[in-house]
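[1] structure of the sequence below:
(2 chains)
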2 protein chains.
Amino acid sequence: MLKIMEASVAYQPVSPLEDLSSLLEQDMECVNQEILTRMTSHVPLINNIARYLISAGGKRIRPLLTLSIASILGGDMRRAHGLAATVEFIHTATLLHDDVVDESPERRGKAAANEVFGNQASVLVGDFLFSRAFQLMVADKSLETLKILSDASAIIAEGEVMQLQMQRELETSWEQYIDMIGAKTAALFSAACEVGAVVSEADGNLQKAAYDFGYNLGLAFQIADDVLDYAADQAALGKMVGDDFREGKISAPVLLAYAKADAMEKQFWKRTITAGRQEDGDLRQAQQILEKHQIIEEGLEKAEIYAQKAEKSLEILPASPVKDILHRVTDYVVHRAS
Amino acid sequence: MLKIMEASVAYQPVSPLEDLSSLLEQDMECVNQEILTRMTSHVPLINNIARYLISAGGKRIRPLLTLSIASILGGDMRRAHGLAATVEFIHTATLLHDDVVDESPERRGKAAANEVFGNQASVLVGDFLFSRAFQLMVADKSLETLKILSDASAIIAEGEVMQLQMQRELETSWEQYIDMIGAKTAALFSAACEVGAVVSEADGNLQKAAYDFGYNLGLAFQIADDVLDYAADQAALGKMVGDDFREGKISAPVLLAYAKADAMEKQFWKRTITAGRQEDGDLRQAQQILEKHQIIEEGLEKAEIYAQKAEKSLEILPASPVKDILHRVTDYVVHRAS
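    Sure thing, here's the model as predicted:
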């Protein structure tokens, strides 16, 4: 485990998301301006929380995807700005509600909003941001983008409920897990890409390629995220290592480790995950079990398969400097901090 | 106080909402079918909660308003069914989140969903219903109804946050209170009516009349609801009397009583509402203070003013049996259980 963490520092690549942000700098500025403007409310508490969330930053990977696809396909960038902001609003709203549901103390290396402003405010401001996302969609005046994004929103909510239902359930199958992260995470990645194709009036094949790229990238991203929760260099990930373990979340490393567990290890997982009885040193023991079975490597290999699918979807998109960076993004989501 | 409660049983009118439901029975069946169909998900927990909420019933006043206006104005009832269901979805989603925020043990005379299924599920299923509402709006394929309902959703969320901000704040002005309930409650009443006019392709004056009717009816409804929380026959209202008091909510009766309070009473309100230090018998004492200053009567008079404004907005609508019942609805929302 330690070896992986040390290696991560040595081989940390320059983030292709930063390269994308530079290449699409003016567009991202428009998106940020749209986000700032539309987050504003005459209700002071909403502004305070919105400002807090904006200052916490984040990678803005989803709006960057919308802009990237629209840019590669020669789309209407003005529409892309609004839709990219919409996608980020939906994402931020789900984060706010996630933190309430998870009782997370931290998010993006800062105290989570619910810790600072309370669960009540987080629920209601999440609702506000979600409504604002829909207002922004309506402003795009396209029933096609409205359908894509409202469908994605419903699927995300279903994914979150699926996650809640499989909490502490070690008998969850790998397929159920993929279904769940497909809904919870990949649905918004794919919608972000698809609307980028729609504002480019791309043909059906290109639109499908954009969707497939986003969907598989989202799966790779989430599997890697789940793996890194047991392995990552805490500072690089910007979240607490071991959160998922403490919450009894069913995620890739737990499922892969449980499948290979001997009788003693099965007992360990049942006590810590199913029964939720955790003691000092249990996270360390979980990490040792993962190391013994090389679960981090196995998990990242699974993520890698989806990353490669995503990369393959890019093939039919026209060549462009943005497309070159998207190739690197598929690699980055898997290897970003490992 | 007791006298008012006894009188309520004697003079309880037949609910005009039931009369509306009878007159619009086939339409309401279509709406209920739409609600049932669209609440369904492949995720079992969502279905369980949805079924629980449906079985809890409720007055369905908002969808009845959409149907009523569309019926009076000769609108496209097929569109009205979908939009009425949308409005009820938005309302149900906000109820689910409200109960989490309020930590309510009861809703509509049953244990609140968050008590049965947990806060986490209530937050997430609320998000699902909210997303489903937007999918239903998109299915209407009209940017005009989408704008009305997405604007209303954002305003409702702002109203909820305003309410949270003014909690325990006795210096809240009456105007601030009206602003808050205008956003929290009246915005959805007015949107429900306005979309009924839109599917009727009514002219601007009629659309404005529908909006004004809903808005003022919503204000009257909420003021009366807040008053009844201190006065009502518990069974008739289907909610616990004294909830608002226990939660330190700033509502019409508290504001009116605080404005008339002597020094001792001011201390009482500061202790129980601002500081939230409540003892056995405090609710009873609050009710006695309200009785001394005739606050129930004063509150209902304020509600009555908005009810009359609502009634006046109906004037330019064409005569119809449905319109006749709407006249009675304006009276009912004020006097339903007092």
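[2] pLDDT on whatever helix or strand residue A:307 lives in, on average?
    When elements are defined using DSSP states H and E, residue A:307 is found to belong to helix A:295-313. What helix A:295-313 shows for mean pLDDT is 97.
[3] quick one: residues in contact with it.
    Identification of contacts with helix A:295-313 by CB atoms under 8 Å, 6 or more residues apart in numbering or on different chains yields A:1, A:4, A:209-210, A:212-217, A:219-221, A:223-224, A:226-227, A:230-231, A:252-253, A:256-257, A:260, A:289-290, A:327, A:330-331, A:333-335, A:338. (Each C-beta comes from the backbone N, C-alpha and C, glycine too.)
[4] if we use 6 Å, what do you get?
    Contacts of helix A:295-313 from elsewhere in the structure, counted by CB atoms under 6 Å, 6 or more residues apart in numbering or on different chains, are A:209, A:212-213, A:216-217, A:219-220, A:223-224, A:227, A:231, A:252-253, A:256-257, A:290, A:330, A:334.
[5] got a list of what residue A:282 touches?
    So residue A:282 contacts residue A:272 (CB under 6 Å, 6+ apart).
[6] just to revisit the earlier point, now the element after the helix holding residue A:307, going C-ward?
    Toward the C-terminus, helix A:295-313 is succeeded by helix A:321-335 as the next helix or strand (DSSP H and E).
[7] show me the contact partners of that following helix.
    With contacts defined as CB under 6 Å, 6+ apart, helix A:321-335 is touched by A:16, A:19-20, A:68, A:71-72, A:220-221, A:224, A:300, A:303-304, A:307, A:310-311, A:314, A:317.
[8] with adjacent residues omitted, what lies nearest to the residue nearest the centre of chain A?
    Taking CA atoms, centre = their mean, the centroid of chain A lies closest to residue A:185, which sits 5.5 Å from it. Distances taken as CB to CB, 6 or more residues apart in numbering or on different chains place residue A:222 nearest to residue A:185, at 4.1 Å, with adjacent residues excluded.
[9] next: residue A:201.
    residue A:75 (7.5 Å).
[10] what does residue A:251 show for phi and psi?
    phi -140, psi 170 (degrees, to the nearest 10).
[11] what does residue A:199 give?
    Recorded main-chain torsions at residue A:199 are phi -70, psi -10, according to degrees, to the nearest 10.
[12] around it, count how many other residues there are.
    Look at residue A:199: counted by other CB atoms under 10 Å in any protein chain shown, it has 25 neighbours.
[13] for it, give me its contacts.
    For residue A:199, the contacting residues are A:70, A:75, A:76, A:79, A:80, by CB under 6 Å, 6+ apart.
[14] 10 Å - rerun?
    A:66, A:69-70, A:73, A:75-84, A:140, A:142, A:144-145 (CB atoms under 10 Å, 6 or more residues apart in numbering or on different chains).
[15] and for residue A:28?
    Applying CB under 10 Å, 6+ apart, we find residue A:28 in contact with A:20, A:21, A:22, A:60, A:63, A:64, A:67, A:81, A:84.
[16] hmm, try it at 7 Å
    Contact partners of residue A:28, counting by CB atoms under 7 Å, 6 or more residues apart in numbering or on different chains, are A:21, A:67.
[17] so how far is residue A:294 from it?
    Note on residue A:28: its distance to residue A:294, by CB to CB, to the nearest Å, is 39 Å.
[18] how close does the residue nearest to residue A:185 get to residue A:333?
    9 Å.
[19] try residue A:212
    Summarising the geometry, the distance separating residue A:212 from residue A:333, computed by CB to CB, is 15 Å.
[20] show me what from the stretch 151-300 of chain A comes close to chain B.
    Residues of the stretch 151-300 of chain A that fall close to chain B, judged by CB under 7 Å from any CB of the partner chain: A:151, A:153, A:154, A:157, A:158, A:160, A:161, A:162, A:164, A:165.
[21] let me have those residues in JSON lines, adding secondary structure and neighbour count as columns.
    Putting those into JSON lines (DSSP: H, G, I helix; E, B strand; the rest coil; neighbours: other CB atoms under 10 Å in any protein chain shown) gives the following:
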{"residue": "A:151", "secondary structure": "helix", "neighbour count": "16"}
{"residue": "A:153", "secondary structure": "helix", "neighbour count": "27"}
{"residue": "A:154", "secondary structure": "helix", "neighbour count": "22"}
{"residue": "A:157", "secondary structure": "helix", "neighbour count": "29"}
{"residue": "A:158", "secondary structure": "helix", "neighbour count": "26"}
{"residue": "A:160", "secondary structure": "helix", "neighbour count": "25"}
{"residue": "A:161", "secondary structure": "helix", "neighbour count": "27"}
{"residue": "A:162", "secondary structure": "helix", "neighbour count": "26"}
{"residue": "A:164", "secondary structure": "helix", "neighbour count": "20"}
{"residue": "A:165", "secondary structure": "helix", "neighbour count": "18"}
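[22] now those residues in TSV, with pLDDT?
    Listed next are those as TSV, based on pLDDT from 0 to 100:
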residue	pLDDT
A:151	97
A:153	97
A:154	96
A:157	96
A:158	96
A:160	95
A:161	94
A:162	96
A:164	92
A:165	92
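[23] what's the host helix or strand of residue A:211 packed up against?
    Assigned by DSSP H and E, residue A:211 belongs to helix A:204-231. Packed against helix A:204-231, as judged by 3 or more CB pairs under 7 Å, 6 or more residues apart in numbering or on different chains; DSSP states H and E, are the following elements: helix A:174-181, helix A:187-198, helix A:243-247, helix A:252-259, helix A:282-292, helix A:295-313, helix A:321-335.
[24] any chance you could list what contacts the helix or strand containing residue A:47?
    Following DSSP H and E, the helix or strand that holds residue A:47 is helix A:44-56. Here helix A:44-56 makes contact (CB under 7 Å, 6+ apart) with A:36, A:39-41, A:92, A:107-108, A:110, A:113, A:116-117, A:121, A:125, A:128, B:158, B:161, B:165.
[25] quick check: next helix or strand after it?
    Scanning forward in sequence from helix A:44-56 by DSSP H and E, the next helix or strand is helix A:61-72.
[26] returning to that earlier point: between helix A:187-198 and the helix holding residue A:307, find me the angle.
    Between the axis of helix A:295-313 and that of helix A:187-198 there is an angle of 20 degrees, by axes from the mean of the first three to the mean of the last three CA atoms, to 10 degrees.
[27] the residue lying closest to residue A:78 once chain neighbours are set aside: which element?
    For residue A:78, the nearest residue in space outside its immediate sequence neighbours is residue A:30; the separation is 7.9 Å by CB to CB, 6+ apart. Assigned by DSSP H and E, residue A:30 falls within helix A:25-39.
[28] good, wrapping up.
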